[in-house]
Each structure stands twice: as C-alpha cells, then as structure tokens.
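S.K.: sequence? don't have it. structure:
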Ligand SMILES: *[C@@H]1O[C@H](CO)[C@@H](O)[C@H](O)[C@H]1NC(C)=O
C-alpha cells in the first residue's frame, strides 16, 4: 500500500489496473525488449557477416589472380609483380624501388670503373687521385648487356623490358655514369627534336635510370617543367628545381620523352643536380622507337 501511495500519488495505481493489464504490460515490455535486442543484434550481424564474406571472396580472387593463365609461346609461366610508384603524369614518370640488388649495383660500378675515360689530369706534388676529385668532368662508359660476362646487365635489361614491355632490342647500350662533387647535367631532353637536330630515323621514347649508388647530398634527377611548372622563355637550364628524385642504390626511374602520338613531351625536360656530397653512379638505358642494330 505504501508502494501504491508513492507510485500512484497523482494517477493510476498498479492495483487499480488489475492483473490482466499488468500482465499485458509485462508482455509488451518483454517483446519490446526481445525484438529491440534482436533488431540491434541483427544490425551487428549484418555489419559483421559480409566482412568474412568479402575477405573470403578477396582471398578467392587473390588465388585466381596468382594463378597463371595458359601462356602464349613468348609468354611466361608465372604472375610477376614489379612494384612501382607513379611519380608524375606530366611527364609520365615511374619509380621502381629496389629494382636491382646492392650487389648487382656494386658489380656494375666495379665493371664500369676500369673502363671510364682515363684521367687526363697530371698530378702535381702532393696531389692524389683522391684530393683532385671533382676537378674532372663526369665520366662515363657504354656497355651492352652482351659485353657483361657476369650476366647482371642481362638480367637488368630483361627486367627493364618487362617493366616497359618495350623489347630489349629497342634499347641502346647501358651508359654508366659517375658524377663527382660539383658535377651535374644541365636540364635537357633525351629525345631529339627534329626542328633542332633534323629528321630522325629513330627516336628515344623513354629513359630508364638505375641508380647504382646512394648520394649523400645532391645529385637528384630533376624535372623542372613537371606539370607545366617553370616553362617560361627565361628558364635557367642550370637550375636545380621542380620534381626531384633522390638517387637510392638499386632503385629505378623510368620516364617517357614522347607522348603516345610520338611528339616530344616538353615536361620530360630533366637534368642532374650537382652532387654536393658523395658520389653518384647511375646506369642509363635509352629506349628507342626502332630496334637498334648493335
Ligand atoms: C600529341 O599528344 C599531345 C598530348 O596528348 C597533345 O598535346 C598534342 O597536341 C598531340 N599532337 C599531335 C600532333 O597530335
């Protein structure tokens, strides 16, 4: 009765509702609770259930993707992956991290070193090859994959062909270059503009740079006109500006000098910033629109 008094102070008491009404109320709350929780749990379930399904179908998909298809006579039996990053669409430039191993790079350097143009510098008293570094201009040498008895350049060339799907026969011999402190390459085009160089039987489509060494400071490959930047008549071609790619041993950089329609992409202008500290070694492969007769 005390309860009744408290609850039903200004309204209807429990006892006045009668037993059937109390029963119905209880039933109502029971079902409300039951369906409410079911609805909530259904939401949980619906948000959880598709996940395993998605994962399942993804892993099924992954298995399908990894499964090689029957290949053509010149194809491969396996599904390969060469990781890359699109650095730019203007120019079309791709970055290939860890394209070659450190050992491969060191081996190419070792091989190229002995064939670099011999120093024409006469050493004075107290001068050594070490302390006259940087006085000479950058050195380089050409070597074709077939000339490399270690087989490393063969592997690299094959991988470049697979990454570009441009046959190996379209590549010039590797040009291995060394840049020492202060050495640079002013911005230029790899393609030959017929307006400046006359009609071309064969044109450079793309360039692949394999960085053979890290560079402590400087030596970046730069694209000063990237996305149309700096493209004014007074542009200073010695300037180190625009999109810069820092050399990292074993990493590759591919960029296209021509548009798909064969005209020169003006944004493919590029150069090498001066080396500030350390040495830069790079192997360049120029790829042409015509097969090269070696
Ligand atoms: C070639 O392609 C470029 C880029 O798509 C375009 O800007 C240019 O006008 C084209 N030139 C010709 C001659 O078709």
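M.R.: Cool, the structure landed. These numbers come from a predicted model, not from an experiment. Numbering: from 1, shown residues only.

S.K.: spatially central residue in the chain, please.
M.R.: By Cα atoms, centre = their mean, the mean C-alpha position of the chain lies nearest to residue 85, the distance being 2.1 Å.

S.K.: ok, and the closest non-adjacent residue to that residue?
M.R.: Leaving out its chain neighbours, the residue that sits closest to residue 85 by Cβ to Cβ, 6 or more residues apart in numbering is residue 95, at 4.4 Å. (Glycine included, C-beta is placed from N, CA and C.)

S.K.: same question, residue 71
M.R.: Leaving aside its chain neighbours, residue 71 sits nearest to residue 77 (6.0 Å; criterion: Cβ to Cβ, 6+ apart).

S.K.: quick check: the one you found touching residue 67?
M.R.: No: at 11.2 Å, residue 77 does not count as touching residue 67 under the criterion of Cβ atoms under 8 Å.

S.K.: ok, back up a step: and the residue nearest to residue 85, how many neighbours?
M.R.: When counting by other Cβ atoms under 10 Å, one arrives at 18 neighbours for residue 95.

S.K.: for it, helix, strand, or coil?
M.R.: Assigned by DSSP: H, G, I helix; E, B strand; the rest coil, the conformation of residue 95 is strand.

S.K.: pLDDT wise, what is it at?
M.R.: Residue 95 is assigned 98 on the pLDDT scale.

S.K.: and it, how far from residue 210?
M.R.: Between residue 95 and residue 210 the computed distance is 12 Å (Cβ to Cβ, to the nearest Å).

S.K.: can you check residue 98 too?
M.R.: 11 Å.

S.K.: got it, and residue 75?
M.R.: 25 Å.

S.K.: equivalent analysis for residue 196, please.
M.R.: For residue 196, the distance to residue 210 - Cβ to Cβ - is 28 Å.

S.K.: looking at the two, which one has more neighbours?
M.R.: residue 210 (28 against 7).

S.K.: other residues contacting the helix or strand the more buried one falls within?
M.R.: If you go by DSSP states H and E, residue 210 is part of strand 204-211. Applying Cβ atoms under 8 Å, 6 or more residues apart in numbering, the contact partners of strand 204-211 are 99-100, 105, 156, 160, 163-164, 166, 170, 190-192, 221, 247-258, 280-289.

S.K.: redo that, cut-off 7 Å
M.R.: With contact meaning Cβ atoms under 7 Å, 6 or more residues apart in numbering, strand 204-211 is reached by 99-100, 156, 160, 164, 166, 190-191, 221, 247-258, 282-289.

S.K.: in helices, which of these appear?
M.R.: Here DSSP state H is the test, and the contacts of strand 204-211 give 156, 160, 164 as lying in helices.

S.K.: so who does residue 278 touch?
M.R.: Here residue 278 is in contact with 215-217 (Cβ under 7 Å, 6+ apart).

S.K.: residue 180 and the ligand, how far apart?
M.R.: 38 Å (Cβ to the nearest ligand atom, to the nearest Å).

S.K.: what about that residue, how many neighbours?
M.R.: 19.

S.K.: quick revisit: and the strand holding residue 210, how far from the chain's centre?
M.R.: From the chain centre to the centre of strand 204-211 is a distance of 14 Å (Cα atoms, centre = their mean, to the nearest Å).

S.K.: who does that strand pair up with?
M.R.: strand 252-256 (antiparallel), strand 280-288 (antiparallel) (DSSP bridges).

S.K.: out of those strands, nearest to the ligand?
M.R.: With Cβ to the nearest ligand atom, the closest approach to the ligand among these belongs to strand 252-256: 11.1 Å.

S.K.: tell me which helix or strand comes right after the closest one.
M.R.: Downstream of strand 252-256, the first helix or strand assigned by DSSP H and E is strand 270-272.
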